[in-house]
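**Q** Build me a structure from this.
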Amino acid sequence: MSDTTLTEREATMARDSERARRTPFTMLEGPGSPNGSSEPERPRIDLAGPWKHDISAALVLVLIAVPLCLGIALASGAPLAAGLIAGVIGAIVVGALSGSELMVSGPAAGLSAIVLVGTASVGSFEALLVAVMIGGALQLVLGALRAGIVGYYFPTSVIRGMIAAIGVILVLKQIPHALGYDAVPEGDEAFVQSNTETTLSSLWSTLEQIQPGALLISAITLILILLAERSRSTRLRVFPAAMLVVVAGVAINAMLASFAPELALGPSHLVQLPLVTGETWRDLFSRPDWSAIASPAVWKLGVTLALVTSLETLLSLEATDKLDPYKRQSDANRELFAQGAGNLLSGFAGGLPISGVVVRSAANIDSGARTRRSTMLHGVLLAVAVVSAPVVLNRIPLAAIAAVLIYTGIRLVSPALVRNTWRQGRAQFIPFLVTALAIVFTDLLVGIAIGLGVGLFFILAEQLRQPALRLVSPPGAVLTRYALPEQATFLNRANIERTLAALQPGSRVEIDGRSTVRFDPDVLELLLQFRETARLRSIDYRLVGIPDTYVTPAHRPAAAS
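**A** Here you go, the predicted structure:
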């Protein structure tokens, strides 16, 4: 192969890589996408290429994962090491077994309240670890039963609303850290925070306690990441932009400490990774209290953890698949099995419960990851960093990490996502908006439930608008013929009843059910009982291909033949 051909191939691969890296979040657009088609243009997958994309994404994930894992452990009332253990196991074990190439698993902010309350209910963190293992075993069963199909029943509008909400939460939660107000640990995503403030009141408190050094670091690093992301220089592409700006944040704080000590950030505004020595590393691992396995409270908590972590994982899996620039479809049942294995091991090793997480998954995609190698490698690097480089990591300003997460949040709630959902009509936009607002002001699961309820309302409203009886006779025909849908369910009952009630006395009507494969008893009862009404109104009423009997409830008289 000639040098010219190699150069052209490398140039093509570089263009594909750049397009994939820059557009993971705009892939949600669908109709109205830049290429004008109903399906977004999909970049080609170069999985056999160099590891540089996955390695660079793994480095970014480590920088983000350290404060998030520590913060979630702190919010959960658990040992700090429990969050790091869950982060490592979620990355390596779940990453290896996962049904997704790009989703990152680990301790989730949405589980912190359950862990905090659950620990109190079972009496100790060691007893909670038994519940985590029970939950993991149940997830293995759910995977074997193919319960992952539940994930396919979440409407796209609700999933998009969840993605937008997480983007908004990221921005709102990271603004205080960017300005130096670190009263709440990283990873606290609840509207009512652990310090009794809300997300909005925390912003007001931030204005009263701005740290000039944090503001300087976050402003400079945010500008740097914007410039790096938009630069066409290949020299700036050697390392991921997020990693470069975090290094810049460390350098700026070091310069402030030397030349303007009053502006330099102290330890409370930096990553606070516990120092591990040769004598203390074994103390990181809490052991399950096996005597608690006979406690009904532990089993109840285990079932709760299995259901909640499974649901959060399936939601995160759907969101990650939508963010994936290559539009790969993940195996939800395999994912449940992977999460079950991860939670079994995490509980045994003294870690927090594990689930799929959108924030780290979005950062993984935004950093250019191609395969699961980035997730697994970041787990290895996280374990190495905890043991060998805590002093180095403890110099990272939270303001610099906040700049990275703010940028990721803005990308998640991009105007293109909102604009294209709006174009799809109110039946898509209203559930999207309600889901987003509900998650921001409550939590993930409550917001999803509210969004599903609103989405169901629009589905039912659409069923009422669409005629269940399709007119198949030509205009002016003496005999008016209607065809039933393939599935005649209770959702069609109101529409059919309205159509039959509108029939004029003396008319001739035939209802054809030969193409219908399923008759709900509600619909069948309505069609058969209308015979008597039709006779009284002098309507020539005929049924074709429709069963002549239905099961009558015991407390009602049988239908007349």
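**Q** Buried residues in stretch 470-488, which are they?
**A** Neighbour-count burial for stretch 470-488, counted by 16 or more other CB atoms under 10 Å, picks out Thr480, Arg481, Tyr482, Ala483, Leu484, Pro485, Ala488. For every residue, glycine as well, the C-beta is placed using N, CA and C.
**Q** average pLDDT across that stretch?
**A** Here stretch 470-488 scores 88 as its mean pLDDT.
**Q** still on that earlier bit, which one among the buried residues of stretch 470-488 gets closest to Arg419?
**A** Taking CB to CB as the measure, Arg419 sits nearest to Pro485 out of the buried residues of stretch 470-488, at 34.0 Å.
**Q** What is the three-state secondary structure of the residue nearest to the closest one when sequence neighbours are not counted?
**A** Closest residue in space to Pro485, ignoring its immediate chain neighbours: Ala468 at 6.1 Å, by CB to CB, 6 or more residues apart in numbering. Judged by DSSP: H, G, I helix; E, B strand; the rest coil, the three-state class of Ala468 is coil.
**Q** My read is that Ala468 contacts Asn495, right?
**A** Yes: using CB atoms under 8 Å, Ala468 is in contact with Asn495, at 4.1 Å.
**Q** neighbour-wise, which of the two wins?
**A** Applying other CB atoms under 10 Å to Ala468 and Asn495 shows that Ala468 carries more neighbours, namely 22 against 17.
**Q** and the more buried one, what does it touch?
**A** Leu484, Pro485, Ala488, Asn492, Asn495, Ile496, Thr499 (CB atoms under 8 Å, 6 or more residues apart in numbering).
**Q** As a markdown table, those residues with distance to Val308 and secondary structure would be great.
**A** Putting these into a markdown table (distance: CB to CB, whole Å; DSSP: H, G, I helix; E, B strand; the rest coil) gives the following:
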| residue | distance to Val308 | secondary structure |
| --- | --- | --- |
| Leu484 | 41 | coil |
| Pro485 | 37 | coil |
| Ala488 | 37 | strand |
| Asn492 | 35 | helix |
| Asn495 | 37 | helix |
| Ile496 | 40 | helix |
| Thr499 | 44 | helix |
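**Q** Can you tell me which of these lies closest to Gly476?
**A** Among the contacts of Ala468, Thr499 lies closest to Gly476 (CB to CB), at 18.9 Å.
**Q** how about the nearest residue to that closest one, chain neighbours excluded?
**A** Closest residue to Thr499 apart from its sequence neighbours, by CB to CB, 6+ apart: Leu469 at 4.9 Å.
**Q** hang on, isn't the one you found packed against Ala488?
**A** No: contact between Leu469 and Ala488 fails when scored by CB under 8 Å: they sit 9.7 Å apart.
**Q** Common neighbours of those two, please.
**A** Common contact partners of Leu469 and Ala488 (CB under 8 Å, 6+ apart): Ile496.
**Q** and the most centrally placed residue in the chain, what does it touch?
**A** Centroid-nearest residue in the chain, with CA atoms, centre = their mean: Ser316, separated by 2.8 Å. Remark: with contacts taken as CB under 8 Å, 6+ apart, Ser316 is in contact with Met103, Ser355, Gly356, Val357, Val358, Ser361.
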